[in-house]
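**Q** No sequence on hand, only this structure:
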């Protein structure tokens with residue numbers, strides 16, 4: 001499945017990746033915002049829709065933010081019977097289960113965006129550390 005983003009969705013992803021690497025947000029886990037800080041999805045919510053009430057009540061983004069970021073909620077091409085592949089679930093897994101830091105999550109989001117694939121298709125071992133910084137620098141040149 002190829003993920004084609006609109007110009008606005010691509011721009012929202014750039015903003016999200018920039019914020020993840022900015023160092024401006026303490027990292028939390030398990031919810032969009034907890035007592036420690038924000039999860040990676042919470043960062044997207046805070047910077048794209050700071051007044052959205054889901055920031056303090058939800059674990060996942062609402063449909064409007066999912067659409068704004070061009071996140072895919074289901075991969076119909078997946079052959080994994082019984083598994084639902086969702087960009088939100090993969091993001092939450094990176095943040096909450098694997099405990100990747102924001103900089104590393106930014107690398108993976110940037111790689112998936114560049115490769116036009118769903119997040120679960122990205123192999124973290126194949127994405128170099130600091131990929132997001134290079135990706136952002138190239139975006140600024142175009």
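**A** Thanks, I have the structure now. None of the values given here were measured: they were computed from a predicted structure.

**Q** By residue count, tell me the biggest helix in the protein.
**A** helix 7-22 (DSSP state H).

**Q** what's the angle from the helix or strand following that one to helix 7-22?
**A** Using DSSP states H and E, the helix or strand that follows helix 7-22 in sequence is helix 40-48. Orientation check (axes from the mean of the first three to the mean of the last three CA atoms, to 10 degrees): helix 40-48 against helix 7-22 gives 110 degrees.

**Q** so for helix 40-48, what's the average pLDDT?
**A** The pLDDT scores in helix 40-48 average 96.

**Q** and that helix, what does it pack onto?
**A** helix 7-22, helix 63-69, helix 87-92, helix 102-115 (3 or more CB pairs under 8 Å, 6 or more residues apart in numbering; DSSP states H and E). Placement of C-beta: from N, CA and C, glycine included.

**Q** Mind checking those helices for the one nearest to residue 29?
**A** Nearest to residue 29, of all the helices and strands packed on helix 40-48, is helix 87-92, at 9.1 Å by CB to CB.

**Q** which helices and strands does the longest helix of the chain pack with?
**A** Against helix 7-22 (3+ CB pairs under 8 Å, 6+ apart) you get helix 40-48, helix 63-69, helix 102-115, helix 131-141.

**Q** State the mean pLDDT of it.
**A** 96.

**Q** what do you get for stretch 57-75?
**A** The pLDDT scores in stretch 57-75 average 86.

**Q** List the buried residues in it.
**A** Buried residues in stretch 57-75, defined by neighbour count with 16 or more other CB atoms under 10 Å: 58, 60, 61, 65, 66, 68, 69, 70, 71, 72, 75.

**Q** Distance to residue 22 for those - can I get that in TSV?
**A** Shown next, in TSV, are those (distance: CB to CB, whole Å):
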residue	distance to residue 22
58	23
60	22
61	19
65	19
66	22
68	19
69	17
70	21
71	20
72	25
75	30
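
**Q** That'll do, ta.
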